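Peer 1: quick check, what structure comes out for this input:
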Amino acid sequence: MSSELQRDAGSLRYSKLCLEVLLHNKYNTFSFNGQSTFASFLTQFSSTNVAVSTALATFGAIYEAIILQRTQSGLSLTSIQYCKALAALHKDVALQSHGPIPSFLASLVLAAAHALQRHYTDSLTHLHGAFTVLTNSITPRIQDSSETSPASSNSSISMVMNTYQSELYSFAQSIDLHTATYVLHRPPELPSFFDAATLNQSWDPTFLETACHVLQQLLHRCYHVANAVSHYKYLPRSRFPADLMLEQGRCIAYLSQWLAKCDDGFRDRPLSWTQSSCRQTYLVHRVQCLSTLIHLSSVSSPYEMNYDIYTTYFEQIIRNADEVLGSSSFGSSQSSTSSFRVQPGLAQALFFTSLEFRDGVQRRRAIELLSKLGMEGPWNPDILCRIARRAVEIEESNALSASSMEEYVHAPLKVEIPEKFRLHGCGIDSEAGDLEANKNGTVNFSLCVDVDYMVNSEDHENHRHWIIWAEPIALSLPGMET
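Peer 2: Okay, here's the model as predicted:
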């Protein structure tokens with residue numbers, strides 16, 4: 001072992017803990033979308049590269065303080081470890097003695113470490129660094145994405161990559177979905193490439209692997225389109241570019257096609273598939289598809305009541321997530337190292353459902369399921385559940401106060417939420433709060449005074465159309481010591 005890699009027992013222990021957490025095969029998805037390649041490289045470079053090993057130790061130290069010991073004071077001791085990791089990363093980026101992969105891995109691990117601490121802006125910075133390192137290593141083979149419009153159906157990016165580059169890029173795309181789903185009005189950072197022809201090709205003999213890979217590329221493409229569409233949400237339909245509307249419709253059709261093909265294909269699999277971890281993997285991806293389908297179909301509508309059209313899809317999300325979380329394989333995978341997952345899982349879809357599905361019973365069920373999850377990237381179930389419960393309280397209390405109370409005295413959860421009482425915005429401020437300093441974060445809420453009037457006035461950014469306020473939220477876990 002080189003002198004640079006000679007580490008103390010504490011660092012080795014933290015590195016081991018980090019590997020146990022990041023390589024925990026939750027939802028049985030390790031064979032898909034580059035996750036096994038990521039795991040292989042992470043294990044390899046943990047003992048041969050300083051940038052990777054110190055990044056692992058940093059994450060492990062933070063994970064132990066926050067998740068295992070639940071103490072904020074322990075976080076102060078991790079700052080020295082982080083400074084070492086940052087210095088090692090800067091050196092690795094400059095020298096790249098082992099190529100670009102260690103810098104990519106170390107940046108991702110540090111992004112995850114910041115997500116654990118609720119330092120979302122710092123996490124995005126490291127994520128940006130990871131993506132930059134990866135794309136720069138294959139830049140000569142990537143067409144300039146600026147030459148194509150996000151609304152164009154021909155805007156796929158042509159890439160000629162070797163196997164490991166392709167696998168790592170697929171893994172990076174899955175992480176990039178956090179960028180688009182957690183941060184409002186932010187598109188995915190990586191270029192998208194999706195070939196619609198794959199939906200019409202046979203997915204055998206590797207049915208599930210191919211289905212997951214196709215969905216991964218499709219979801220990434222959809223969030224690029226959804227971001228472009230969102231800019232026209234509160235504008236008259238006449239201002240909506242025709243080519244963008246067509247691309248939105250195409251992506252919705254592709255999602256529906258994937259759903260039908262995957263459902264039919266899984267139905268034709270051997271009985272052993274329906275009773276194994278394969279079904280759990282299938283259901284997790286199905287939930288992600290349904291969530292994206294609802295979002296992309298509704299993102300261009302200024303009316304929150306538009307979500308009521310997708311009651312069946314919301315119910316399927318809850319039912320599928322319930323089956324995954326109730327499965328024996330999920331229960332047996334729960335341990336002290338299962339509280340964090342790098343890639344997307346069920347958290348985004350369940351949080352989205354709890355906000356947009358205005359059935360009182362069902363949205364509370366979504367929150368209950370959400371509370372059973374560990375962290376998935378920046379998606380922290382404890383914080384998300386508190387935000388969701390507060391959103392439900394705001395909407396239902398306003399609706400109840402404006403209605404005849406006798407109407408709901410025997411069925412308080414069946415209260416109907418009119419458009420004017422539905423939240424149009426609900427999200428945590430990524431810049432506010434400090435877990436280490438025990439400083440609360442901030443949740444921003446917004447209601448639209450009159451959607452019809454706002455759309456017709458064509459000045460939706462005018463403050464007179466909105467009721468906007470912020471509320472504090474604790475960032476610490478229940479029972480966490482200061």
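
Peer 1: leaving aside the residues next to it on the chain, what's closest to residue 421?
Peer 2: Excluding its sequence neighbours, the residue lying closest to residue 421 (C-beta to C-beta, 6 or more residues apart in numbering) is residue 398, at 4.2 Å. For every residue, glycine as well, the C-beta is placed using N, CA and C.

Peer 1: how far off centre is the host helix or strand of the one you found?
Peer 2: According to DSSP states H and E, residue 398 maps onto helix 381-401. For helix 381-401, the gap between its own C-alpha mean and the chain's C-alpha mean amounts to 21 Å (C-alpha atoms, centre = their mean, to the nearest Å).

Peer 1: before we move on, the earlier item: what about the residue nearest to residue 421, how many residues nearby?
Peer 2: The number of residues packed near residue 398 is 18, by other C-beta atoms under 10 Å.

Peer 1: for residue 89, see how far away it is.
Peer 2: Noted for residue 398: a distance of 48 Å to residue 89, by C-beta to C-beta, to the nearest Å.

Peer 1: same check, this time on residue 111
Peer 2: Taken as C-beta to C-beta, the span from residue 111 to residue 89 is 11 Å.

Peer 1: give the residue from the two that has the larger number of neighbours.
Peer 2: Each of residue 111 and residue 89 has its neighbours counted (other C-beta under 10 Å); residue 111 has more, 28 against 24.

Peer 1: which strands and helices sit next to the helix holding residue 398?
Peer 2: Packed against helix 381-401, as judged by 3 or more C-beta pairs under 8 Å, 6 or more residues apart in numbering; DSSP states H and E, are the following elements: helix 347-356, helix 360-370, strand 423-428, strand 441-448, strand 466-473.

Peer 1: so which of those has the densest surroundings on average?
Peer 2: Of all these, helix 347-356 carries the top mean neighbour count, a mean of 26, counting by mean count of other C-beta atoms under 10 Å.

Peer 1: can you list contacts of that helix?
Peer 2: 181-182, 287-288, 290-291, 294-295, 298, 304, 307, 314, 317-318, 321, 362-364, 366-367, 369-370, 373, 375-376, 379, 381, 384, 387-388, 391-392, 423, 426 (C-beta atoms under 8 Å, 6 or more residues apart in numbering).

Peer 1: now the buried members of the residues you listed.
Peer 2: Using 16 or more other C-beta atoms under 10 Å as the burial test, the contacts of helix 347-356 include 181-182, 287-288, 290-291, 294-295, 298, 304, 307, 314, 317-318, 321, 362-363, 366-367, 369-370, 373, 375-376, 379, 381, 384, 387-388, 391-392, 423, 426 as buried.

Peer 1: give the buried residues for the host helix or strand of residue 134.
Peer 2: Secondary structure assignment for residue 134, by DSSP H and E: helix 120-137. By 16+ other C-beta under 10 Å, the buried positions in helix 120-137 come out as 120, 122-124, 126-127, 129-135, 137.

Peer 1: with stretch 299-318 instead?
Peer 2: Buried residues in stretch 299-318 (16+ other C-beta under 10 Å): 299-300, 302-304, 306-308, 310, 313-318.

Peer 1: tally of neighbours for residue 269?
Peer 2: 15.

Peer 1: how near is it to residue 52?
Peer 2: With distances taken as C-beta to C-beta, residue 269 is found 38 Å from residue 52.

Peer 1: now do the SS call for residue 278.
Peer 2: Counting by DSSP: H, G, I helix; E, B strand; the rest coil, the backbone at residue 278 sits in helix.

Peer 1: what helix or strand does the closest residue to it other than its chain neighbours sit in?
Peer 2: Once flanking residues are discounted, residue 278 sits nearest to residue 208: 5.8 Å by C-beta to C-beta, 6+ apart. Here residue 208, judged by DSSP H and E, is contained in helix 207-230.

Peer 1: ok, residue 174 - contacts?
Peer 2: 33, 34, 35, 216, 343, 344.

Peer 1: would you point out the most distant pair within those residues?
Peer 2: Using C-beta to C-beta, the two most remote members of the contacts of residue 174 are 34 and 344, lying 13.3 Å apart.

Peer 1: more neighbours, those two?
Peer 2: More neighbours surround residue 344 than the other of residue 34 and residue 344, with 26 against 23 (other C-beta under 10 Å).

Peer 1: doesn't that one belong to a helix?
Peer 2: No: Residue 344 is assigned coil when assessed by three-state DSSP, not a helix.

Peer 1: phi and psi next, for it.
Peer 2: When read as degrees, to the nearest 10, the backbone of residue 344 gives phi -60, psi 150.

Peer 1: next up, the contacts around it.
Peer 2: Residues near residue 344 by C-beta under 8 Å, 6+ apart: 174, 177, 178, 181, 288, 376, 377, 379.

Peer 1: in stretch 76-85, what counts as buried?
Peer 2: Neighbour-count burial for stretch 76-85 [16+ other C-beta under 10 Å]: 78, 81, 82, 84, 85.

Peer 1: mind checking which of those residues are in helices?
Peer 2: Per DSSP state H, helices hold the following members of those: 78, 81, 82, 84, 85.

Peer 1: what separation do you get for the last one and residue 375?
Peer 2: Read it as residue 85. Here residue 85 is placed at a distance of 20 Å from residue 375 (C-beta to C-beta).

Peer 1: got a list of what residue 127 touches?
Peer 2: Counting by C-beta under 8 Å, 6+ apart, residue 127 has contacts 107, 108, 111, 175, 176, 178, 179, 189.

Peer 1: the fourth one contacts residue 108, correct?
Peer 2: It stands for residue 175. Yes: with contact defined as C-beta atoms under 8 Å, residue 175 reaches residue 108; the gap is 6.9 Å.

Peer 1: please enumerate the shared neighbours of the two.
Peer 2: Common neighbours of residue 175 and residue 108, counting by C-beta under 8 Å, 6+ apart, are 127, 130, 342.

Peer 1: can you show me the CA trace of the helix or strand harbouring residue 170 as CSV?
Peer 2: Here residue 170 sits within helix 163-182, counting by DSSP H and E. Only the C-alpha atoms of helix 163-182 are listed here, as CSV (Å, rounded to 0.1, in the frame of the first residue of the first chain):
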residue,chain,number,x,y,z
THR,A,163,-18.9,-0.9,-22.3
TYR,A,164,-17.8,0.6,-19.0
GLN,A,165,-18.4,4.2,-20.2
SER,A,166,-21.9,3.2,-21.4
GLU,A,167,-22.6,1.6,-18.0
LEU,A,168,-21.3,4.5,-16.0
TYR,A,169,-23.2,7.0,-18.2
SER,A,170,-26.4,5.1,-17.6
PHE,A,171,-25.7,5.1,-13.9
ALA,A,172,-25.0,8.9,-14.0
GLN,A,173,-28.3,9.4,-15.9
SER,A,174,-30.2,7.7,-13.1
ILE,A,175,-28.5,10.1,-10.5
ASP,A,176,-29.3,13.0,-12.8
LEU,A,177,-33.0,12.3,-12.4
HIS,A,178,-32.6,13.6,-8.8
THR,A,179,-31.5,16.9,-10.3
ALA,A,180,-34.7,17.2,-12.3
THR,A,181,-37.2,15.9,-9.7
TYR,A,182,-35.9,17.4,-6.5
